[in-house]
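[1] Need a 3D model of the sequence below.
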Amino acid sequence: ANSNMERAMRVVSVERGRDPRNYALVAFGGAGPVHAARLARALGIPQMIVPQGAGVGSAIGLLDADSRIDVSTTRIFQLTEGDHGPIGKVYAELEARAGEDVAHLASDQAPVWSRYAYLRYAGQGFEVKVDLPDGPIAKGYVARVTEAFHATYERSYGYRDTEADIEAVDWCLVATIPASAKGEAAPSKIDDDGTRKASAETQRDVYFPESGGYVPCQVVDRYGLKPGKSIAGPAIIEERESTTVVLPGDKARLSPGGHLIITIGGGGNP
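    Numbers count the residues shown, from 1 in each chain. Model (predicted):
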């Protein structure tokens, strides 16, 4: 499992010209923090962060995110300079469709509209996604769409063909409804005196290949940690929704915001 995840991480870092050693690794999910320290070591990442509520991060995001409605349609036609009518007709239909879903959300926030389309040079068998200009679809709009396509195509392939006809395939409209109020992560649950007692079992033997087998390992209740307190690996930090493994040689501490900061191999930036 670690090898599969390591390969995936290399695809989005090293193979894109990014040096993982210049970044921190954010671990989330119920099991992510179990694997993350070994992945960080494999890629030379100096620091790992386990956010507060990492095991329910997706749920927090769902509750806190803006609502979004996407509608699309396929209308294949070539862009003709000065003739914005077909584009205006397509987006009038899409806005009417999206408007029905927006009304069902019963939000007190007005939607923010954005457009994009999949365009290609006439005769090609593939398209590129192009973010379309905002504003009224009126005189001059086709020219703006044409320039947006040329710029997008040139960024992807290194050239533009200003003499070729441009063909549109799919048209898309997005309505984004801002959340009425942004939530905040729940604070760490500790006793009034700030020293919630950890689990009765504070140490047990745990298998660490790095140590050659089973070794005594401290088991720490995350909710009993104080900001700034340092924990040396090997250690297991437990919480309701997740478990974090601190490898031998690594050090963990709790930030003022309640996030676990783990220095890999005792090095890296604070």
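
[2] Contacts for stretch 96-116, please.
    With CB atoms under 8 Å, 6 or more residues apart in numbering as the test, stretch 96-116 has contacts from 67, 69, 71, 91, 95, 129-134, 171-180. Any C-beta I mention is one placed from the backbone N, CA and C, and that applies to glycine too.

[3] And it, end to end?
    17 Å (CA to CA, to the nearest Å).

[4] and after the helix or strand encompassing Thr152, which helix or strand comes next?
    Applying DSSP states H and E as the criterion places Thr152 in helix 141-157. Tracing the chain past helix 141-157, the next element assigned as helix or strand by DSSP H and E is strand 166-177.

[5] chain center to the helix or strand following that following strand: distance?
    Once the chain leaves strand 166-177, the next helix or strand it forms, by DSSP H and E, is strand 203-208. Relative to its parent chain, strand 203-208 has a centroid offset of 33 Å by CA atoms, centre = their mean, to the nearest Å.

[6] Which strands border strand 203-208, and is each parallel or antiparallel?
    strand 213-221 (antiparallel) (DSSP bridges).

[7] Return the set of buried residues in the partner strand.
    Cys217, Gln218, Val219, Val220 (16 or more other CB atoms under 10 Å).

[8] returning to that earlier point: any chance of a ChimeraX selection covering the buried ones in the contacts of stretch 96-116?
    Buried members of these, defined by 16+ other CB under 10 Å, are picked up in ChimeraX with:
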select :67,69,71,91,95,130,132,171,172,173,174,175,177
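
[9] got a list of what the nearest residue to Arg144 once chain neighbours are set aside touches?
    Distances taken as CB to CB, 6 or more residues apart in numbering place Pro133 nearest to Arg144, at 4.4 Å, with adjacent residues excluded. Contacts here follow CB under 8 Å, 6+ apart; on that basis Pro133 touches Arg115, Tyr141, Arg144, Val145, Ala148.

[10] burial measure for the third one, as a count.
    Right, Arg144. By other CB atoms under 10 Å, 15 other residues sit near Arg144.

[11] Look up how far Thr162 lies from it.
    15 Å (CB to CB, to the nearest Å).

[12] Tell me the confidence at the residue of the chain positioned farthest from its centre?
    Each residue of the chain has a distance to the centre, and by CA atoms, centre = their mean the biggest one is for Gly82: 39.5 Å. Looking at Gly82, its pLDDT stands at 83.

[13] likewise the one 4 residues further on?
    At Pro86 the predicted local distance difference test score is 93.
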